[in-house]
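Novice: Dropping a prediction and its sequence here:
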Amino acid sequence: MKPFLIFQIRGVKEVSDSEFLAILKYGGLDITEVVRIDLSKGVFPKIDLSDYSGIIIGGGASNVSDTEDKKSALQIRYEEYLVALMDQVIDNDFPYLGACYGLGILGLQQKVKVGTEKYGEKPGAATMMLTEEGKKDKLLQNFPETFRTFLGHKESWQSCPFNAKLLVSSKDCPVHMVRIKNNVYATQFHPELDFEGVKLRAEIYKNYGYFKPEEVNEIIQTAKQENIVYPMKILKNFVNTYRK
């Protein structure tokens with residue numbers, strides 16, 4: 001099998017490792033079936049898409065909508081790198097699944113308005129709703145019309161362009177999952193995220209501006225009551241669809 005390429009931007013090793021292992025677990029992937037590239041280490045290898053089955057990009061604390069003066073030199077570098085890679089992905093309609101930041105970088109490449117003006121959501125769970133297009137999509141087959149998912153984001157797509165199919169939405173954030181062409185997908189929510197992941201990220205990111213630090217225990221206890229099962233199926237369906 002050609003491996004899946006997993007890009008990460010999380011600079012905190014504990015969170016990065018947790019995200020990586022969750023992608024493996026819920027994608028049904030063995031560690032021998034992936035190539036992991038941590039862009040926070042400042043290494044930007046040349047990629048030949050023909051060597052891979054697909055690309056998965058996880059989340060992180062970076063916002064593509066931040067002004068240049070708020071971005072580190074490293075963030076500017078990996079954004080340039082990823083946008084150039086996304087040019088190839090879009091041109092070739094190459095299998096891609098971006099989560100949270102992975103949606104942001106797709107928006108940046110597509111020149112979508114990505115911002116913090118509206119639609120940010122504190123870490124926790126929310127109810128997602130399939131659109132009519134979503135009900136027909138191959139990654140969402142046998143999903144209920146509504147399902148719960150874990151999320152947490154400051155920025156989001158402020159609108160959905162005509163060339164993107166809106167697949168999933170929510171009451172507080174209209175653009176939660178999109179498809180461009182046939183094989184390029186991205187979600188605002190986190191399809192890899194389970195309770196243990198929420199707990200770890202809440203503790204690590206409590207001073208990153210997603211929520212008030214004193215709310216961390218409430219966020220963890222509320223998340224503990226959730227039974228999140230459907231978002232992970234998106235990862236599994238993506239892997240099963242595009243294994244080569």
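Specialist: Received, thanks.

Novice: Now do the contacts for the residue nearest the centre of the chain.
Specialist: Taking CA atoms, centre = their mean, the centroid of the chain lies closest to residue 99, which sits 0.6 Å from it. When contacts are counted by CB atoms under 8 Å, 6 or more residues apart in numbering, residue 99 touches 56, 57, 58, 59, 186, 187, 189, 190, 191, 192. C-beta: built from backbone N, CA, C; applies to glycine.

Novice: wait, doesn't the first one sit right on residue 19?
Specialist: Meaning residue 56. No: here residue 56 does not reach residue 19: they are 10.2 Å apart, not a contact under CB atoms under 8 Å.

Novice: And the longest strand belonging to the chain, what does it pack against?
Specialist: Across the chain, the longest stretch assigned as strand under DSSP state E is strand 121-130. Secondary-structure packing of strand 121-130 (3 or more CB pairs under 8 Å, 6 or more residues apart in numbering; DSSP states H and E): strand 146-153, strand 164-170, helix 195-204, helix 216-224.

Novice: contacting residues around the longest one?
Specialist: Here helix 195-204 makes contact (CB under 8 Å, 6+ apart) with 12, 14-15, 18-19, 22, 123-124, 150, 152, 190, 193, 216, 219-220, 223-224, 226, 228.

Novice: What subset of those is buried?
Specialist: Among these, those buried by neighbour count (16 or more other CB atoms under 10 Å) are 15, 18-19, 22, 123-124, 150, 152, 190, 193, 216, 219-220, 223, 228.

Novice: rewinding a little: export the contacts of residue 99 as CSV, with columns for distance to residue 44.
Specialist: Formatted as CSV, these follow (distance: CB to CB, whole Å):
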residue, distance to residue 44
56, 17
57, 14
58, 17
59, 19
186, 21
187, 24
189, 27
190, 24
191, 25
192, 23
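
Novice: from these, which is closest to residue 142?
Specialist: Comparing the contacts of residue 99 against residue 142 with CB to CB places residue 191 closest, at 15.4 Å.

Novice: In three-state terms, label the closest one for me.
Specialist: coil (DSSP: H, G, I helix; E, B strand; the rest coil).

Novice: so how far is residue 36 from it?
Specialist: From residue 191 across to residue 36, the span is 17 Å (CB to CB, to the nearest Å).

Novice: ditto for residue 193
Specialist: Distance, residue 193 to residue 36, using CB to CB: 18 Å.

Novice: And residue 182, by the same measure?
Specialist: Taking CB to CB, one finds residue 182 at 26 Å from residue 36.

Novice: Check residue 49 too.
Specialist: Distance, residue 49 to residue 36, using CB to CB: 17 Å.

Novice: Ok, residue 95 next?
Specialist: 17 Å.

Novice: the more surrounded of these two?
Specialist: Higher neighbour count among residue 95 and residue 36: residue 95, with 23 against 17, using other CB atoms under 10 Å.

Novice: ok, how many other residues are close to the closest residue to the more buried one other than its chain neighbours?
Specialist: Distance criterion CB to CB, 6 or more residues apart in numbering; nearest residue to residue 95, sequence neighbours excluded, is residue 54 at 3.4 Å. Counted with other CB under 10 Å, residues neighbouring residue 54 total 24.
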